[in-house]
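Asks: Test case, fold it:
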Amino acid sequence: MDSITILNSFHTFTKSLPNYHPFTTTTTTTTRLRVSLSSSNDAVSSNNKDALLLLQLNKASSNSAMEQLDIERGVCIPFRKYSPQSVRNKVLESRGAVLSLMSRGVEIVWKLGFYWSTLTYDFLVGRDEEVVPYRARQLRNLLCDLGPSFIKAGQVLANRPDIIREDYMNELCILQDDVPSFPNDIAFRIIEEELGQPLEAVFSKISSETIAAASLGQVYRATLRSTGEDVAIKVQRPGIEPLIYRDLFLFRTLASFLNGISIQKLGCNAELIVDEFGEKLLEELDYTLEARNLEDFLENFKNDPTVKIPLAYKQLSGPRVLVMEWIDGIRCTNPKAIKEAGIDLDGFLTIGVSAALRQLLEFGLFHGDPHPGNIFAMRDGRIAYVDFGNVAVLSQQNKQILIDAVVHAVNEDYAEMANDFTRLGFLTPGTDVTPIIPALEAIWQNSAGKGLSDFNFRSVTGKFNQLVYNYPIRIPERFSLVIRSLLTQEGICFTLKPDFKFLEVAYPYVAKRLLTDPNPALRERLIQVLFKDGLFQWKRLENLIVLAKENVAKMSSNPALQVQNGKSQRDLKVERKLDLTDTIKDGARLFLVDEGIRRQLLLALTEDSKLHIEELVDVYRLVEDQIDIPSVAVEVVRDFPTVVRDALLSWSESVLSDR
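Replies: Numbering: from 1, shown residues only. Below you'll find the model as predicted:
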């Protein structure tokens, strides 16, 4: 038996060993019915690939725009509520469908056409700029008159600088908080229909006025008769579903005529934008999905004592009614009350920023509408979220690309940052990114050049909006939600504390993630951060450690981490030290397995023809109070057989590739 045959046999045998894992990223599903797609940057299990193949085979009749959405996002929903065909079938199967569509179409065309004619007249007489505030307000009122679908469309446009100009966006933001309510008697009748029993049998008390009103429903406060607990009842607007389906059908029909213009201006067809909108809208229309979103957020934050997620009473809920735990906190719409309650603002804002970043970069499931009315400050320092109808999912691939973008920004690699835009779906594949690179460089350097203390997302977003307006960039729905989420929460921070430094909290969190996250893929990003032009950045490593320690210190000293509700500290995920155990283990594995990394690290210690012992000692001094050396040694020894196996496997692969 020759040496090559032996190596092939060894390679096959090693891969068959229990718990074998190549040194690549693995992906888990974030929540039920959310399946990560495979790509060159996102390895998935064979089961997920098989499921994806079956789904793609069964989607032969579905629209190409929907297929593009799944591929672009790296996430598919096997049992989606929305598809162009299902909307078409739902609308056309009803009696008098054609007459209803014609009547609604005439109404929409008449009202929007009249509004468009006023804009045209303003332009022709040269007063289009001076009447912008009035026309923007007129547009908001028009969308309210046209009903829930258009109110929701206005809310979406309020976050789409690639579609509408900024002054109109600011006016449409009012639609997120100020929507007329519908009569109580109708709302109470819907609740009774869903419960199958009189209100008095379930609730001993219910508010006579709405607590909040939105485009799709409104909220009441009530007390459960059985337990005396206070609850919030969210009830859907009457007869809204057929109206939504009808409008979506009309939207998509119109979009099919606008594809050419949309592709020219945004780099994608208009149907894709409507499909993104329709998918989110129909998800929000089903309150059973919102109840499941609540369960997912509860699971994600179950060991985090700084975040409060309300419990859903699923036995009292249905597609049109959702009963959930009442949050006894202070809305962030009332900053004066928060300050008067004596809440530690620094602590509250720190946990708010950290919770938002965990949703984006750790869970991949995030609150898509965190406006001040949906966020509460609890009197014990915790942050609470409500209204989980609008949530979004980031795949493992998207999360990694976002972190790549941060790494490229740190390394000032603007060409790769432009390519990240293509990978995230902002640009269509094959788009020439050369003209965009100087614009990105100007935006980032002008903003970051001010320093961490003066940096804010709103100024960056304003400049990015101009970039979007000048280039064929489309902001995918999920990332418009990401941008809105960050901007809104930064706005809340500035409202509560004008001198609050958002990035001074965000940077330490990202640093800690790079240094301690269990995902090996982030170690690769860490290597990219620590090397620039082939040279090891000792100062950058020291800064990362200092920032990461700062994050741990801020979070562990928060008042919300005191023992709550009888829970001991052992039951809560409280980080008192910077746990670098996994990082050290992976570093040892990388050193043994990856020849390129081994060479780079050895060069880092001998750069400029000298041993960098002093820098190494400085790094050790930063972490010596954070690391339990004996326990780390035990972990490394325990993992040693796996490291040796990976090293042998790497060696065998290199020999085979040479042959």
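Asks: quick check, S204 in a strand?
Replies: Yes. Assignment of S204 by DSSP: H, G, I helix; E, B strand; the rest coil places it within a strand.
Asks: Renumber starting at 57 from here on
Replies: That works, and once the first residue is 57, the last one we named lands at S260.
Asks: Run through who's touching stretch 330-342.
Replies: By Cβ atoms under 8 Å, 6 or more residues apart in numbering, the residues outside stretch 330-342 that reach it are 119, 121-122, 125, 136-138, 140, 143, 205, 208-209, 212, 272, 292, 296-297, 300, 304, 307-308, 311, 345-346, 375, 424, 445-446, 448, 532-533. Every residue, glycine included, has its C-beta placed from N, CA and C.
Asks: Just the buried ones from those?
Replies: 119, 121-122, 125, 136-138, 140, 143, 205, 208-209, 212, 272, 292, 296-297, 300, 304, 307-308, 311, 345-346, 424, 445-446, 448, 532-533 (16 or more other Cβ atoms under 10 Å).
Asks: Among the contacts of stretch 330-342, name the ones in helices.
Replies: Among the contacts of stretch 330-342, the residues falling in helices (DSSP state H) are 121-122, 125, 140, 143, 205, 208-209, 212, 296-297, 300, 304, 307-308, 311, 345-346, 533.
Asks: How many residues are close by L678?
Replies: Residues near L678, counting by other Cβ atoms under 10 Å, number 17.
Asks: if I read this right, F404 contacts A433, doesn't it?
Replies: Yes. F404 is in contact with A433 according to Cβ atoms under 8 Å; the separation is 5.6 Å.
Asks: where do the contact lists of the two overlap?
Replies: Among the neighbours of F404, those also in contact with A433 (Cβ under 8 Å, 6+ apart) are I394, I439.
Asks: just for the stretch 57-206 of the chain, where's the confidence low?
Replies: 57-135 (pLDDT under 70).
Asks: First-to-last residue distance for stretch 415-424?
Replies: For stretch 415-424, the first and last residues are 10 Å from each other (Cα to Cα, to the nearest Å).
Asks: Please identify the buried residues of it?
Replies: So stretch 415-424, judged by 16+ other Cβ under 10 Å, has buried residues Q415, L416, L417, F419, G420, L421, F422, H423, G424.
Asks: Give me the mean pLDDT for it.
Replies: In this model, stretch 415-424 carries a mean pLDDT of 87.
Asks: And for that stretch, what's in contact with it?
Replies: If you take Cβ under 8 Å, 6+ apart as the criterion, stretch 415-424 is touched by 86-87, 90, 336, 352-353, 356, 412, 430, 441, 444, 446-452, 454-455, 458-459, 537-538, 540-541, 566, 569, 573.
Asks: hmm, back to that, quick check: strands, which of the buried residues of stretch 415-424 are part of them?
Replies: Judged by DSSP state E, the buried residues of stretch 415-424 include L421, F422, H423 as members of strands.
Asks: excluding its backbone neighbours, what's nearest the second one?
Replies: In space, not counting the residues next to it along the chain, F422 is nearest to Q415; the distance is 3.6 Å by Cβ to Cβ, 6 or more residues apart in numbering.
Asks: and if you look at A270?
Replies: V235 (5.7 Å).
Asks: Is the one you found in a helix, a strand, or coil?
Replies: coil.
Asks: what sits against it?
Replies: V235 neighbours (Cβ under 8 Å, 6+ apart): C200, I207, A269, A270, S271.
Asks: Swap in 6 Å and give it another go.
Replies: The neighbourhood of V235, defined by Cβ atoms under 6 Å, 6 or more residues apart in numbering, consists of A269, A270, S271.
Asks: what pLDDT does it get?
Replies: 74.
Asks: What of T279?
Replies: 96.
Asks: Now do whichever helix or strand it is part of: everything it contacts.
Replies: For T279, the host element (DSSP states H and E) is strand 273-280. Residues from elsewhere that reach strand 273-280 (Cβ under 6 Å, 6+ apart): 237, 259-263, 266-268, 286-293.
Asks: which residues in the stretch 507-656 of the chain form strands?
Replies: 587-588, 591-592 (DSSP state E, counting those that start in this stretch).
Asks: burial of Q371, as a residue count?
Replies: 8.
Asks: ok but it is inside a helix, no?
Replies: Yes. Assessed with three-state DSSP, Q371 lies in a helix.
Asks: what sits against it?
Replies: If you count contacts by Cβ under 6 Å, 6+ apart, Q371 has none.
Asks: which residue ranges form the helices in the stretch 407-556 of the chain?
Replies: For the stretch 407-556 of the chain, the helices defined by DSSP state H, counting those that start in this stretch occupy 452-466, 470-480, 492-504, 513-526, 533-552.
Asks: hey, C-alpha coordinates of the second one in CSV?
Replies: Once non-C-alpha atoms are left out, helix 470-480 reads as follows in CSV (Å, rounded to 0.1, in the frame of the first residue of the first chain):
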residue,chain,number,x,y,z
TYR,A,470,-13.2,50.5,1.4
ALA,A,471,-13.0,48.2,-1.7
GLU,A,472,-14.0,45.2,0.4
MET,A,473,-16.6,47.3,2.3
ALA,A,474,-18.2,48.1,-1.1
ASN,A,475,-18.2,44.4,-1.9
ASP,A,476,-19.9,43.7,1.4
PHE,A,477,-22.8,45.8,0.1
THR,A,478,-23.2,43.5,-2.9
ARG,A,479,-23.1,40.4,-0.6
LEU,A,480,-25.7,41.9,1.6
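Asks: got the contact list for it?
Replies: Contacts for helix 470-480 (Cβ under 6 Å, 6+ apart): I457, D460, A461, H464, L483, V489, I492, I493, L496, E497.
Asks: how many other residues sit next to the residue nearest to the first one when sequence neighbours are not counted?
Replies: In space, and not counting its chain neighbours, I457 is closest to R479: 5.1 Å by Cβ to Cβ, 6+ apart. Applying other Cβ under 10 Å, we find 20 residues neighbouring R479.
Asks: do the same with the one 3 residues further on
Replies: Counted with other Cβ under 10 Å, the neighbours of F482 add up to 22.
Asks: Need the per-residue pLDDT for the closest residue in space to it that isn't next to it in sequence.
Replies: Nearest in space to F482, with sequence neighbours left out and distances taken as Cβ to Cβ, 6+ apart, is I529 at 5.2 Å. Looking at I529, its pLDDT stands at 77.
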